[in-house]
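In: following is a predicted model, sequence given first.
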There are 4 protein chains.
Amino acid sequence: MTREYQADPALYINGTWRSGESRDVHQVLNPATGKVIAEIPLATATDLDEALAASEKGFALWRATDVNARAVILHKAAALIRERAEHIATLLTMEQGKPLAEARTETLSCAAVFEYCAEEAKRSYGRIALRPAGQRAMVLKQPVGPVASLTPWNFPVSLMSKKVAAALATGCSVIAKPAEETPGSTSEIMRCIADAGIPAGVAQLVFGVPDMVSRHLLGSPVIRKLSFTGSIPVGKHLMKLAADGVKRVTMELGGHAPVLVFDDCNLEKTLDIVVTQKFRNAGQVCISPTRFYVQEGIYERFVAGFNERTGKVKVGNGLDADTIMGPLANPRRPAAVGSLIEDAIAKGARVGTGGSAENGDGFFFRPTVLSDVPLEADIMSHEPFGPVALIRPFKSFDEAIEQANRLPFGLASFVHTENGRTANMAGDLIESGMVGINTAGISMPDMPFGGVKDSGFGSEGGPEGLESYYVTKAIHQA
Amino acid sequence: MTREYQADPALYINGTWRSGESRDVHQVLNPATGKVIAEIPLATATDLDEALAASEKGFALWRATDVNARAVILHKAAALIRERAEHIATLLTMEQGKPLAEARTETLSCAAVFEYCAEEAKRSYGRIALRPAGQRAMVLKQPVGPVASLTPWNFPVSLMSKKVAAALATGCSVIAKPAEETPGSTSEIMRCIADAGIPAGVAQLVFGVPDMVSRHLLGSPVIRKLSFTGSIPVGKHLMKLAADGVKRVTMELGGHAPVLVFDDCNLEKTLDIVVTQKFRNAGQVCISPTRFYVQEGIYERFVAGFNERTGKVKVGNGLDADTIMGPLANPRRPAAVGSLIEDAIAKGARVGTGGSAENGDGFFFRPTVLSDVPLEADIMSHEPFGPVALIRPFKSFDEAIEQANRLPFGLASFVHTENGRTANMAGDLIESGMVGINTAGISMPDMPFGGVKDSGFGSEGGPEGLESYYVTKAIHQA
Amino acid sequence: MTREYQADPALYINGTWRSGESRDVHQVLNPATGKVIAEIPLATATDLDEALAASEKGFALWRATDVNARAVILHKAAALIRERAEHIATLLTMEQGKPLAEARTETLSCAAVFEYCAEEAKRSYGRIALRPAGQRAMVLKQPVGPVASLTPWNFPVSLMSKKVAAALATGCSVIAKPAEETPGSTSEIMRCIADAGIPAGVAQLVFGVPDMVSRHLLGSPVIRKLSFTGSIPVGKHLMKLAADGVKRVTMELGGHAPVLVFDDCNLEKTLDIVVTQKFRNAGQVCISPTRFYVQEGIYERFVAGFNERTGKVKVGNGLDADTIMGPLANPRRPAAVGSLIEDAIAKGARVGTGGSAENGDGFFFRPTVLSDVPLEADIMSHEPFGPVALIRPFKSFDEAIEQANRLPFGLASFVHTENGRTANMAGDLIESGMVGINTAGISMPDMPFGGVKDSGFGSEGGPEGLESYYVTKAIHQA
Amino acid sequence: MTREYQADPALYINGTWRSGESRDVHQVLNPATGKVIAEIPLATATDLDEALAASEKGFALWRATDVNARAVILHKAAALIRERAEHIATLLTMEQGKPLAEARTETLSCAAVFEYCAEEAKRSYGRIALRPAGQRAMVLKQPVGPVASLTPWNFPVSLMSKKVAAALATGCSVIAKPAEETPGSTSEIMRCIADAGIPAGVAQLVFGVPDMVSRHLLGSPVIRKLSFTGSIPVGKHLMKLAADGVKRVTMELGGHAPVLVFDDCNLEKTLDIVVTQKFRNAGQVCISPTRFYVQEGIYERFVAGFNERTGKVKVGNGLDADTIMGPLANPRRPAAVGSLIEDAIAKGARVGTGGSAENGDGFFFRPTVLSDVPLEADIMSHEPFGPVALIRPFKSFDEAIEQANRLPFGLASFVHTENGRTANMAGDLIESGMVGINTAGISMPDMPFGGVKDSGFGSEGGPEGLESYYVTKAIHQA
């Protein structure tokens, strides 16, 4: 079967799809080939103003729509995503690079997110405090208002869906700006929402020059909340823009996930889990396991096992059935990753596997394992966001925790141990938003996902995630 | 009984009280007399650095302290506040101006807040999602880290206490900077906490040049959360400073509370409530009822009744037993309020009572009632923060709601009606963080307090308020 | 269109449908014609023993089935109920008598209940209490075990569905025994569950001699919970049987719903609501409005309006499109209702409309309005469970509440008033499990339904209803 | 110091203490000496009728009392219990036998329970479901009504306190009947409540002939809930009595706690925990560890270690400072325990330590360890309720779980393992209300305590425990 890039990425504003008409365009590349596969329109200031005006009207309409009626549309959208999953996944692989199997999983997870949010929003109960008979003190949750959703290229479909589904379920309108690198898959998600019957102005999609779009949307009083996934520097910049309007924010920023591997772990099972996890999406994952701290009793065996398994990771075009790891997502990534690795090697890290980009037209990078990485290496403090594992030994529990917590980030962390108390202690003491214990699975619709320290503000997922789309109203009645 | 200003306001850093030593000073005025009653030391950069370092260590210690042990200290502090309430209230009246009865109420409310937070924090339960046997998916709440608390002069004791009590109960350390105008009462609250046995570095108190202190604290990576009560412009400025460190924020900013008075209300009861409420703390209350929208059937009677009751409001030194309303809090306020009133009158507002400052040494302003105030008057869009009631008629329910929601603020609002459905509809449709229906009592320890739109970010009070001192940790265990 | 009784009611035990084989039979009557329309098999002791053994095995399997997998089957069952709703509704009308429109509504509400429970069970979260690092104190909810569901003939489809859906969603197995009068519609509901793929033994259906079935099921250690809807005397009897095995119970027993109509209500709207509500299902509703206490200012107008509207209620075969009220459900009912009315009239009640059974083959009774009913009339203390409204005047709020609370029952009550405080006070002070204020709609999937005092034990519906299918497990880990 | 039994146990009815007046009496024995130390009056039918009438009035008053005002009285009672703890503990030891240290702990735990309930009841929030603007669907919790509390002699002070504190905190009135064996300590607890200012009729205390009191209280329509701790047969009997009035019940019945000790546990630490735990209160504890299933790899070492530690348990009068274990509570117990042990020995159990009663006047029994106890021994299926440990080996995890679950009881269970997954799996699969993992501490005020299967109905402790003192009210407002 030949898969083609059959997409029609466009702006979706006030219920109509828009493109062309003298708008500037952005060229979309296939990272496995380096070739241009599409052009997308970039929103003008007028486009954005229309979107803002429509979002304000859309909010007034949508917040007054019963939560059950909103859920019906979200369930319909989920059903359409499931129907169209193969098409959407193909677009995703072609514009982003990840293996088709991963693209399918990502797409189907979006349907689950829409379903989850639809049901969860029905349960955003109010609270009644105790008062004497005849009086009422009630806390209600009400939708915060029009939301701006800004999302990146690494999980374009799922990251946009998390924000859009939560906004819509809770009664907010939303303007989504996914990454310009991945317009086809994200347009198709929006098309599912549109085809499910969302009223005009309630859910909208734009592409554009990122900083211009951010400033325009956040500069408007219409937008009441920003939900962003992306890098820490951009996140800080956007928080400042949001501050001017006292806008609510949810920020999912970068991480640098430590993995604590204790002597008493099930070593083979641990290696199977972490190597697979490391090279998923070519390591371009904010919760990718990166700093492996391995207790000294099993350190050498761990390093050997990691290298051995990494050597078998098949790199190739994501459309090929036997590809385990695809290219990096854009031409800037191989150079950036390579540079961090060179610095580490120069400072003393051992290269066990990989270490450099692949030659050729695509943006491929070889799966890389570095051991004995010195703390001074830049890569120990800066998120590589690529297929690189960094391994270091540790001696004691306390040292492991200290190392895990040494950076100003705290998104995800992982622990491998058979001991129950070690697991519970590490779970409590590690400073991160998520902790996986003997598992890589830390992103589920019913659980919160988000970072602490510089890794973010607030959560997505679970009732905790929906919470951030509400404002709190206290009604006191005498 | 002669009451004297027996205070020793000082910085409380790392467990010691500090003053003098060549620090710059700020002069504290009694607003009822215009006289200097004290001098306070202003923190130096070194002071702040020491406070930050102590706060980091204090946090490490305090978060590891069992929640029940923390509660014991907070209950002790509450008991001390109750014991020393008369002294604290006297200082509060002398430095802030409010009548002694109000100062007593404010002080005792702090004790209640400490007690509430102590007990509530014990109930910050985690959540366990459903998983197959042997697996766990848990959501825990953990303290966010060292907190900066910045609070104003209008309710210096209670606003500082809300922040400090919540921070301490949840396991955070806190550096409090109350307003330099009100150092005596706030120092005494901190002294109660210190005397209750709080460990060094866990709770600290500073005064200083506000912008310098804000920049210094928020510029440090130690501080993980800002809780601020104050004006909207300052709030936005602080949110930007916080953005640089992806710090959590709770912002309690300004309001411009509408009061919807429907034809079917109990008119006499309504007037009794709202006139008392209007002139409490000389209107220097962020939830002060300000824009009175009165349905046309009772409009004239309402205006007459309001003026009549206002005429009886006794203005004077807060220490005098029969004083109902004291002076404004500082010499800038009478001019600011007067200027807004003059603009309103020039644009057509009718003056029923008051309208200008009192002559004399103190910062007194006459209780003022303006009716038929045109929407174009600046005072209809800018918070007067003084003893001024603005009255306008309305015809329909929809018009009333539209007027209530016309400003970019949304802190408090009030509704007076006997009709149950009108009450419920208004409660749902008004855009504000709190709604009082037939009551002025909207600030209770067990209920959230906070604004929507430009009036703020997050809540204080209730389990909702504590929530903002936690970060969310998801633990997934296979 | 001719509608026929196309049903094959049978026992569903351990995954197979059973009938015949020398089992005793029960004859099913059409209450609109008095004719036999079907025969059903009655379970033998052997049938019940097999069902119990299968239920035990089914529970072991089902509790270990992931909550999401259980939900998939429940959603499938709901979809089948929706598909087959017209067929099920026809059976329901033919065997129970209610108008087809009501039968349709009842059937569709079952689908909603299955969907609600499927989603809600996913959210039966555990709770984690606060403990020092490394320790855990967790509260989990686990399914109670095999459930016996015993349900009556008045809402055979929805009452069985509430119990079966809740049991299945939470991981319990269930043996359902609906009323022998209504086997066709209930068999079809079970068929939808079976066709949706429920494993053998997890959901089972039996008919039989009621007391023999109750004693057999509750006498077995296999059954861990009884959920019953029916009369108070039978409820007490069953509670005693359950006591022998310390079995959990949910009891939905009888009521005698008061309706407080205040002078300030919207009279026409109130009458429209309550008259429609009174004659739904010919008053054979446990929450049917029965005792109308009307404030004296509008008493005579209320009585007149009630009689006028009642006169227009079209009685007939439920299959006829213009029928508003069908027959009573069995030949015992008209006599029972008639006898209570005669007693009331003898004691001084005024008959405004109806008052007696209709002649003919069916079990029809005329819609009846009695006013000035003396408290001594038996009907004021015994649930008539038929199309009879009892009206009395009252003077004050306190008197109204006292009258509402005078019986040992407390299932539903209703209040009609425009005043917000009256509504809130009445809502708080009436002793009943449900209060409808200006509405008859008090049975929703997301809200609890159940009585206080002798009207029951526990609730169905909402998270509160699911709760009773769980036992609580506290895990303390050091 | 000589400690005397300075008690004045009496009935406390409608605000007055009653004794004498020709009432029958019960003689109170000191189990350490076998001597009579006091006489208590037994309530007459008239006493009980007066208590019921007072309880009805008390409930009307108390439910209308603000939850904060109720809490003030409960906090006062807690403070008095703390003040009088030494006196109460002495009475408890003298009438029940337990070592004074245990009696002190029990007494102080009561104060904590009163404080916990006082605060928790303030948080019995209502729930608001989502509805269109202007409508409300609210779930409120309201006190169930007058409660009968029936409690045994093993933890007379704490078991009565749990019930009384929960009832009072939630707004119920309560009639407490503690065991006649332990009237002094329980009277003193009631005296603290009375002295704290509880209104007459709200909390009452009676002693009497148990079956007569139960039938009288449960036969009255006044009592709306029974909370009972005691044996399974009596529990079933009481549940039947309660069924006649559709009264709510909380039943804390017997157990037969299994302890699963896995090869990978910390053996010395485990032995230290379980041996201490076994002989607390001479094993007269419903959650006493009884059936020790020990994995075969450490079986012999465990048996040896258990015997060695047991040999050091000092038995004596609870008033002696070095006593670790006191006498059994009454003269019936030594014979009952001895008989079960004889049967076990006859069927093959090995006696490692103890095995028989001590000679002398008191009711002492020797700490006993039986190993290789056959399943056929009666003691493996019947709660010994005495100082006897039963030890058996097991091979696999599955076998251990099967053994743990083999009885129709399920109150507490314990697991000792270092493996995290074993701990979690066992926690999930054991059928009991509480599971202690590497800990004996499973009774805390903020956590539910209660059994599954025949071990009980409902929980005490935590928000879950308070729940059972409420009925649920759903208010629907249009």
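Out: The structure has been received and is ready for your questions. Since we're looking at a predicted model, the values are computed, not measured.

In: list the contacts of the residue positioned nearest the centre of chain A.
Out: For chain A, A:Leu159 is the residue whose C-alpha lies nearest the centre (C-alpha atoms, centre = their mean; 4.5 Å). The neighbours of A:Leu159, taking C-beta atoms under 8 Å, 6 or more residues apart in numbering or on different chains as the test, are A:151-152, A:178, A:229, A:252. To be clear about C-beta, it is placed using only N, CA and C from the backbone, and glycine gets the same treatment.

In: pLDDT score for it?
Out: Confidence at A:Leu159, expressed as pLDDT, is 98.

In: how close does it sit to A:Gly254?
Out: Distance, A:Leu159 to A:Gly254, by C-beta to C-beta, to the nearest Å: 13 Å.

In: you'd agree A:Phe59 is in a helix?
Out: Yes. Using DSSP: H, G, I helix; E, B strand; the rest coil, the assignment for A:Phe59 is a helix.

In: for it, what are its contacts?
Out: If you count contacts by C-beta under 8 Å, 6+ apart, then A:Phe59 has A:143, A:145-146, A:171-173, A:202 around it.

In: coming back round to it: secondary structure element holding the residue nearest to the centre of chain A?
Out: Counting by DSSP states H and E, the element that carries A:Leu159 is helix A:156-170.

In: that older thread, of the contacts of A:Phe59, list those near chain B.
Out: For chain B, the contacts drawn from those by C-beta under 8 Å from any C-beta of the partner chain are A:Gly145.

In: in strands, which of the contacts of A:Phe59 fall?
Out: Among the contacts of A:Phe59, the residues falling in strands (DSSP state E) are A:Pro143.

In: please name the residues that touch the closest residue to chain C within the stretch 151-300 of chain A.
Out: Minimum separation of the stretch 151-300 of chain A from chain C (C-beta to the nearest C-beta) falls at A:Ala169, amounting to 13.0 Å. Taking C-beta under 8 Å, 6+ apart, we find A:Ala169 in contact with A:67, A:70-71, A:74, A:117-118, A:120-121, A:466, A:469.

In: which among those residues end up buried?
Out: Buried positions within those, assessed by neighbour count (16 or more other C-beta atoms under 10 Å in any protein chain shown), are A:67, A:70-71, A:74, A:117-118, A:120-121, A:466, A:469.

In: pick the one among the residues you listed closest to chain B.
Out: Using C-beta to the nearest C-beta, A:Glu120 comes nearest to chain B of the buried ones among the contacts of A:Ala169, at 12.0 Å.

In: give me every residue in the stretch 301-450 of chain A lying close to chain B.
Out: A:408, A:423, A:427-428, A:432-439, A:441-442, A:444, A:446-450.

In: look up the closest residue to the residue lying farthest from the centre of chain A, ignoring the ones flanking it.
Out: Most distant from the centre of chain A: A:Ala133, at 48.1 Å, with distances by C-alpha atoms, centre = their mean. Once flanking residues are discounted, A:Ala133 sits nearest to C:Asp428: 4.1 Å by C-beta to C-beta, 6 or more residues apart in numbering or on different chains.

In: so what's the residue count around the one you found?
Out: Neighbour count for C:Asp428, taken as other C-beta atoms under 10 Å in any protein chain shown: 20.

In: pretty sure it sits against D:Leu140.
Out: Yes. Contact between C:Asp428 and D:Leu140 holds when scored by C-beta atoms under 8 Å: they sit 7.5 Å apart.

In: quick one on the thing from earlier: separation between the residue of the stretch 151-300 of chain A closest to chain C and A:Met190?
Out: Applying C-beta to C-beta to A:Ala169 and A:Met190 gives a distance of 16 Å.

In: give me every residue in the stretch 101-250 of chain A lying close to chain C.
Out: Counting by C-beta under 8 Å from any C-beta, the residues of the stretch 101-250 of chain A near chain C are A:119-120, A:122-123, A:133-136.

In: those residues in helices, which ones?
Out: For these, the ones inside helices are A:119-120, with DSSP state H as the criterion.

In: and the residues of the stretch 101-250 of chain A next to chain C, which of them are buried?
Out: Among these, those that count as buried by neighbour count (16+ other C-beta under 10 Å) are A:119-120, A:122-123, A:134-136.

In: TSV please, covering the residues you listed and showing pLDDT.
Out: What follows is these, written out as TSV (pLDDT from 0 to 100):
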residue	pLDDT
A:Glu119	98
A:Glu120	98
A:Lys122	98
A:Arg123	98
A:Gly134	96
A:Gln135	97
A:Arg136	97
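
In: and the two most separated of those?
Out: The distance between the two most remote of those (C-beta to C-beta) is 34.6 Å, for A:Glu119 and A:Gly134.

In: neighbours around A:Glu39, how many?
Out: In terms of burial, A:Glu39 registers 15 neighbours under the definition other C-beta under 10 Å.

In: show me the contacts for it.
Out: For A:Glu39, the contacting residues are A:25-28, taking C-beta under 8 Å, 6+ apart as the criterion.

In: please repeat the previous calculation with a cut-off of 10 Å.
Out: Taking C-beta atoms under 10 Å, 6 or more residues apart in numbering or on different chains, we find A:Glu39 in contact with A:9, A:19-20, A:24-28, A:183.

In: cool, A:Val303 as well?
Out: If a contact means C-beta under 10 Å, 6+ apart, then A:Val303 has A:292, A:294, A:350, A:352, A:369-372, A:389, A:391, A:393 as its contacts.

In: likewise A:Leu271?
Out: When contacts are counted by C-beta under 10 Å, 6+ apart, A:Leu271 is found next to A:261, A:265, A:301-302, A:304-306, A:308-310, A:416.

In: which of these has the largest number of neighbours?
Out: Ranked by the number of neighbours (other C-beta under 10 Å), these place A:His416 first, at 28 neighbours.

In: A:Asp211 contacts A:His237, correct?
Out: Yes. With contacts counted by C-beta atoms under 10 Å, A:Asp211 reaches A:His237, the gap being 8.4 Å.

In: so between the two, which is more surrounded?
Out: When A:Asp211 and A:His237 are compared for neighbours, A:His237 comes out ahead with 18 against 12, by other C-beta under 10 Å.

In: which strand or helix spans the residue of the stretch 201-350 of chain A found nearest chain D?
Out: As assessed by C-beta to the nearest C-beta, chain D sits closest to A:Asp264 within the stretch 201-350 of chain A, at 8.8 Å. Assessed by DSSP H and E, A:Asp264 sits outside every helix and strand.

In: any idea how many residues pack against it?
Out: Burial of A:Asp264 is recorded as 16 neighbouring residues (other C-beta under 10 Å).

In: wait, what's in contact with A:Ala179?
Out: A:Ala179 makes contact with A:95-96, A:150-154, A:156, A:159-160, A:186, A:207, A:210, A:229-230, A:329-330, according to C-beta under 10 Å, 6+ apart.

In: try it again with 6 Å
Out: A:152-153, A:156 (C-beta atoms under 6 Å, 6 or more residues apart in numbering or on different chains).

In: among the residues you listed, who's most crowded?
Out: Neighbour counts for the contacts of A:Ala179 were taken using other C-beta under 10 Å; the highest belongs to A:Pro156, which has 25 neighbours.

In: strands along the stretch 301-450 of chain A, start to end?
Out: All strands of the stretch 301-450 of chain A, identified by DSSP state E, counting those that start in this stretch, fall at A:350-353, A:368-371, A:388-394, A:409-410, A:412-416, A:434-437.

In: send me the third one as PDB with only the CA atoms.
Out: The C-alpha trace of strand A:388-394 is given here as PDB (Å, rounded to 0.1, in the frame of the first residue of the first chain):
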ATOM      1  CA  VAL A 388      20.000   9.700  23.800                       C
ATOM      2  CA  ALA A 389      20.300   7.800  27.100                       C
ATOM      3  CA  LEU A 390      22.700   9.100  29.800                       C
ATOM      4  CA  ILE A 391      23.800   6.600  32.400                       C
ATOM      5  CA  ARG A 392      25.600   7.200  35.700                       C
ATOM      6  CA  PRO A 393      26.100   5.100  38.800                       C
ATOM      7  CA  PHE A 394      25.000   5.800  42.300                       C
END
